[in-house]
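**Q** how would this look folded up:
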Amino acid sequence: MAVDFIESGKHAEAEQYFRRAMIKINDMTFFSNTALHISSKRLTKSKHISKDLYIYQRKEYDEGMHTYTEPLTINTMYDDHNYHSVSATILYNLGQLCMRLDEDEKASGFFYKALAVSQWSSGPAKSNQGLSVIAVLHNIGHIQYRGGNYEEAVRTYTKALQIGRGSFSEYPLDVAATLNCLGVLYFHMPKAKTEQAMELYLESLTIRRRVLGNDHRDIGTTLNNIGRIHYMKGQYDEALTLYREALAIRRKRLGDDHLDVAATIYNAGQTHHQRGDLQEAMTLYQEFLRIAKSRLGDEHRDVAIMLKCMAQIYHEEKEYDKATKLYNEALRVGRAALGEKHPEVASTLNKLGNLFYEKGDFDEAIRVYQEGLEVERAVLDCFHPNITVTLTNIGQIYKLRGEFQSALRLYKEAVAIQKRSLGAAHPNVSVTLSSIALIHYQNRNYTRALNVYQEALRIRRDAYGDDHLEVASTLNSVGLVLFKMELHDLAMQSFMEGLRIRRKVLGVNHRDVAIILYNIATIHLETGNDDEAMKFYRETLRVERVALGPKHGDVVLTLQHIGQVHQQRGELDVALDYFEEALEIQRQTLSSNCASIAQTLNHIGNVHLQRARTAEMVEVFSEALRVYRSAGHSESELVVSGFNFYGLAKLHPECAAVA
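**A** Model prediction:
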C-alpha cells in the first residue's frame, strides 16, 4: 500500500505505512533499532531555493540521471529467510519517498542503510527480492550529483559500473545507464572533462542502440547529451545534427509538449544563437517558451531565462525597445519565481545595464548595474567573478564620463577581489590593472601609469611567455607612456619589442602591426630623424592598405599625416599629392557635407598658401568653409597655416569588455 501511496502522490500516508512495515521488520531482525531507525519528524518538502546561478541538474529535465526512480513492491510474505531483503527494499522505498520530497539528506541515509543490508544479505549484486545494488548506488550518486559533490558521485557510479560490467549480459542496459550518468558528471564538473564524457556517452549509445533500437527515448537523451559536448567545444554544426536527431526521437516518443522536447529545443536555439542564426534561434526560443509556460506556469525560472535569451537577440539586433521590454519581463518573472535576491535576477540586471550602456544612457546603466551589484553582494561569495565584472562595468562608465576617481575606486576594488579569488598572478588581474593604468595615463599621471602597466606586463609575461599578443599590447601601452615622459629611447625599445611579437604572431600585414609602426614613426619624427620617420609612415600606409583596404578611414588619417610631415619639411608638391589622395577617398566614402572633408580641404588650402597660389587657396578655403557650415560647425574651425603634427596614435589596448 505504501508504494501505491507514493505513486499517487500521497506521501504522508506512504510514510506511515513504511514506518509500520519497518517496525515489524525490526522486531524480527537482530539489527539494532538505531541502525534502522526512522525519524519521527514529518517529512516535508524543502522550501529552500538554490542561489546557484548555473544549475542544470533540476528534476524537470532528463539528462539520463533519473534512473531507478520507482519504488519496489514486495510480492511475498517475509519470514526468517528473506526479512533482510524485505528490510532493504523498505529502506530503499523510504529513500525514494524522501527524494520526491527533496529531502536529499534523509534519502541518502535510507539508501546507505539499504545498501548495507542488501550487500550483507545477498552479496554485491542483488538481494533475494530483486533489489539491485546498482539501483541503490545510482540513487546515492544522484543525490551527490544534485548536491554538487561530483568527485564523490563519480566514485559511486564507478562502483556501480564495476558491478554492472561483472554481470553476464553482453550489452546490459544498467551499464549503459551508468556510463551515461558518469558522462553527465564529467560534463558538469567545474572544469568539464569533455573527452572522458564523450567516450562514456558513445559507449552508452552503442549499447542502447543494440538493445533498444534507434528511436528509443533513452537514445534521444544520450544524443542530446553528446550534442551539448559539441556545443561546449564550439562545434556547432555537429551539435545541431545531434540535437535534430534527438528532437525527432523525443517528439515521436514524448509528444510535442513534453519538457524534454523543450530542453532539446532550447539547446538547438542556443546553438543557432551562437552561430549568429538569430531568426532560427528566436523561433526555437519562442517554442520553448510556449511549452515551458504550459507545463511550468507563467512565473517559472525557466520562463524568465528564456525571456532573457529572447531579449538578447533583440539586443544584438539593436532593437533596443523590444529588448528592454523583454528584459523587464524577465526581471518580473525571475523575481516572482526566485525572489528579489537571486543570481539569475542579477544576471538579467547586468544584461539590461549593458543595453543602456550601448545606448549611451549612462545614468540608467549605472542605476541598473548598481542594483545588480547589490543583488550579487547579497547572494554570491564576496570574491565571486560576477561581482568584479559588474564593478568594472560601472568603472568603465565613470571613466567615459571623466569621473576618474570614481572609476579608479571601482577598478581597485575589482582588482583586490581578483587577487584574493584568483591570485595576484592571474591574467584577469592584468586586464583590470591595464584599465587602472589607462586612467592614470588619461590624467597625465604618467609615473603611476607606468608602474601599473609594468605590473600588468610582468603578470602577462609570466602567464603567457614573451611572445604573446597580450604582452605586445602592454608593451605598446608602456611605449605610449614613456613617449609622454619624453623617454624616447625606452619608448622605442618597447615599441620595437611589441612590433617583433606582432609580426611573429600576426604576420607583417596586420592592422595591429600598422599601429606600432605608426608609433615608431612618430618617435623618429619627434627626435628629428625625419628619414626614418617617413620610412615607417610609408610602411604603416602599405600595411593599412593591405589589411584594411585602400579606402579605409585609417588609410586617410595616415595619408594626411604623411602629407603634414612633407608640408613641414617644405616638400609641398609631395604633401599636396597625399592630401589630394586622402580627399579623393573621403569624397568616395563620406557624405559631401562631412566635416572631415573640410579639414582635408583646409590642409590643401594651407599648402596653396605656402606656394603663393592665391586663386587655388581662396577656392579651396571657400569650399572648406561651405562644408563646415553644412556640417553645422563654426567657420572659426578653419585654420590658416596652422600645424598640428603629432597625434600619437591611435591606441591603448581596449579596457575590460562589458560583460
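**Q** just the strands from the stretch 401-550 of the chain, written as ranges.
**A** Taking DSSP state E, counting those that start in this stretch, the stretch 401-550 of the chain contains no strands at all.
**Q** in the stretch 351-500 of the chain, which spans are helices?
**A** When secondary structure is read from DSSP state H, counting those that start in this stretch, the stretch 351-500 of the chain shows helices at 362-379, 385-400, 404-422, 427-442, 446-464, 469-484, 488-506.
**Q** what's the angle from the third one to helix 427-442?
**A** Think helix 404-422. Here helix 404-422 runs at 160 degrees with respect to helix 427-442, directions being taken by axes from the mean of the first three to the mean of the last three CA atoms, to 10 degrees.
**Q** on that earlier part again, just put the helices of the stretch 351-500 of the chain in JSON lines and tack on mean neighbour count, mean pLDDT and distance to residue 219.
**A** Any C-beta I mention is one placed from the backbone N, CA and C, and that applies to glycine too. Listed next are those as JSON lines, based on neighbours: other CB atoms under 10 Å; pLDDT from 0 to 100; distance: least, CB to CB, whole Å:
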{"stretch": "helix 362-379", "mean neighbour count": "19", "mean pLDDT": "96", "distance to residue 219": "39"}
{"stretch": "helix 385-400", "mean neighbour count": "22", "mean pLDDT": "95", "distance to residue 219": "37"}
{"stretch": "helix 404-422", "mean neighbour count": "19", "mean pLDDT": "95", "distance to residue 219": "42"}
{"stretch": "helix 427-442", "mean neighbour count": "23", "mean pLDDT": "96", "distance to residue 219": "41"}
{"stretch": "helix 446-464", "mean neighbour count": "19", "mean pLDDT": "97", "distance to residue 219": "44"}
{"stretch": "helix 469-484", "mean neighbour count": "24", "mean pLDDT": "97", "distance to residue 219": "44"}
{"stretch": "helix 488-506", "mean neighbour count": "19", "mean pLDDT": "97", "distance to residue 219": "45"}
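**Q** ok, which of those helices comes nearest residue 579?
**A** Across the helices of the stretch 351-500 of the chain, residue 579 has its closest neighbour in helix 469-484 (26.0 Å, CB to CB).
**Q** and the closest one, how far out from the chain's middle?
**A** In terms of CA atoms, centre = their mean, to the nearest Å, the centre of helix 469-484 is set 28 Å apart from its chain centre.
**Q** same for that helix, what does it pack against?
**A** Using 3 or more CB pairs under 8 Å, 6 or more residues apart in numbering; DSSP states H and E as the contact criterion, the neighbours of helix 469-484 among helices and strands are helix 427-442, helix 446-464, helix 488-506, helix 511-526.
**Q** out of these, which is closest to residue 156?
**A** Across those, the minimum distance to residue 156, taken as CB to CB, is reached by helix 427-442, at 34.8 Å.
**Q** same for the closest one, what does it pack against?
**A** Packed against helix 427-442 by the contact rule (3+ CB pairs under 8 Å, 6+ apart) you find helix 385-400, helix 404-422, helix 446-464, helix 469-484.
**Q** and the angle for the first one with helix 427-442?
**A** Right, the one you point to is helix 385-400. Computed by the same axes, to 10 degrees, the angle separating helix 385-400 from helix 427-442 equals 10 degrees.
**Q** show me the contacts for residue 595.
**A** The contact partners of residue 595, taken as CB atoms under 8 Å, 6 or more residues apart in numbering, are 627, 628, 631, 633, 637.
**Q** quick check, nearest of those residues to residue 601?
**A** For the contacts of residue 595, the residue nearest residue 601 by CB to CB is residue 627; the value is 6.8 Å.
**Q** contacts only, for that closest one.
**A** Applying CB under 8 Å, 6+ apart, one finds that residue 627 lies in contact with 592, 593, 594, 595, 597, 598, 601.
**Q** reformat the helices and strands packed on helix 427-442 as TSV; add distance to residue 539.
**A** Converted to TSV, the helices and strands packed on helix 427-442 look like this (distance: least, CB to CB, whole Å):
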stretch	distance to residue 539
helix 385-400	33
helix 404-422	36
helix 446-464	26
helix 469-484	16
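**Q** give me the contacts around stretch 635-643.
**A** Contacts of stretch 635-643 (CB under 8 Å, 6+ apart): 564, 567-568, 595, 598, 602, 605-606, 609-610, 621, 624-625, 628-629.
**Q** picking up where we left off before, to residue 313, which of the helices and strands packed on helix 427-442 lies closest?
**A** With CB to CB as the measure, helix 385-400 is the member of the helices and strands packed on helix 427-442 nearest residue 313 (21.1 Å).
**Q** by contact count, what packs against the closest one?
**A** Other helices and strands packing on helix 385-400, by 3+ CB pairs under 8 Å, 6+ apart, are helix 343-359, helix 362-379, helix 404-422, helix 427-442.
**Q** turn those into CSV, including distance to residue 226.
**A** Below are the helices and strands packed on helix 385-400 laid out as CSV (distance: least, CB to CB, whole Å):
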stretch, distance to residue 226
helix 343-359, 27
helix 362-379, 33
helix 404-422, 32
helix 427-442, 32
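**Q** which one of the contacts of residue 595 is nearest to residue 243?
**A** Using CB to CB, residue 631 comes nearest to residue 243 of the contacts of residue 595, at 52.0 Å.
**Q** burial count for the closest one?
**A** As a burial measure, the neighbour count of residue 631 was computed by other CB atoms under 10 Å and equals 16.
**Q** list the contacts of it.
**A** Applying CB under 8 Å, 6+ apart, we find residue 631 in contact with 593, 594, 595, 598.
**Q** export those as a markdown table, with columns for secondary structure and pLDDT.
**A** Compiled in a markdown table, the contacts of residue 631 are given as follows (DSSP: H, G, I helix; E, B strand; the rest coil; pLDDT from 0 to 100):
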| residue | secondary structure | pLDDT |
| --- | --- | --- |
| 593 | coil | 88 |
| 594 | coil | 92 |
| 595 | helix | 92 |
| 598 | helix | 93 |
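**Q** now those residues: which count as buried?
**A** Neighbour counting with 16 or more other CB atoms under 10 Å marks 594, 595, 598 as buried within the contacts of residue 631.
**Q** between those residues, which is nearest residue 265?
**A** Closest to residue 265 out of the buried ones among the contacts of residue 631 is residue 594 (47.7 Å), distances taken as CB to CB.
**Q** I'd say residue 343 and residue 380 touch.
**A** Yes - using CB atoms under 8 Å as the test, residue 343 is close enough to residue 380 to be in contact (6.3 Å).
**Q** the two - which one has more neighbours?
**A** Here residue 343 and residue 380 are set side by side on neighbour count (other CB under 10 Å), and the busier one is residue 343, at 23 against 17.
**Q** ok, the more buried one to residue 387 distance?
**A** According to CB to CB, to the nearest Å, residue 343 and residue 387 sit 11 Å apart.
**Q** may I have the secondary structure class of residue 555?
**A** With DSSP: H, G, I helix; E, B strand; the rest coil as the basis, the three-state label of residue 555 is helix.
**Q** how about stretch 336-349: buried residues?
**A** Taking 16+ other CB under 10 Å as the basis for neighbour counts, the residues of stretch 336-349 that come out buried are 336, 337, 338, 342, 343, 344, 345, 346, 347, 348, 349.
**Q** give me the distance from it to the chain's centre.
**A** Going by CA atoms, centre = their mean, the spacing between the C-alpha centre of stretch 336-349 and its chain's C-alpha centre is 18 Å.
**Q** only alpha carbons, please: show it as PDB.
**A** Output in PDB follows, covering the C-alpha atoms of stretch 336-349 (Å, rounded to 0.1, in the frame of the first residue of the first chain):
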ATOM      1  CA  ALA A 336       8.300  36.200  -8.800                       C
ATOM      2  CA  ALA A 337       9.900  32.700  -9.200                       C
ATOM      3  CA  LEU A 338      13.200  33.200  -7.300                       C
ATOM      4  CA  GLY A 339      12.800  36.200  -5.100                       C
ATOM      5  CA  GLU A 340      14.400  39.700  -5.300                       C
ATOM      6  CA  LYS A 341      17.900  38.300  -4.300                       C
ATOM      7  CA  HIS A 342      18.900  35.700  -6.800                       C
ATOM      8  CA  PRO A 343      21.900  35.400  -9.200                       C
ATOM      9  CA  GLU A 344      19.500  35.000 -12.200                       C
ATOM     10  CA  VAL A 345      18.000  38.300 -11.300                       C
ATOM     11  CA  ALA A 346      21.400  39.900 -11.100                       C
ATOM     12  CA  SER A 347      22.400  38.400 -14.400                       C
ATOM     13  CA  THR A 348      19.300  39.900 -16.100                       C
ATOM     14  CA  LEU A 349      20.000  43.300 -14.500                       C
END
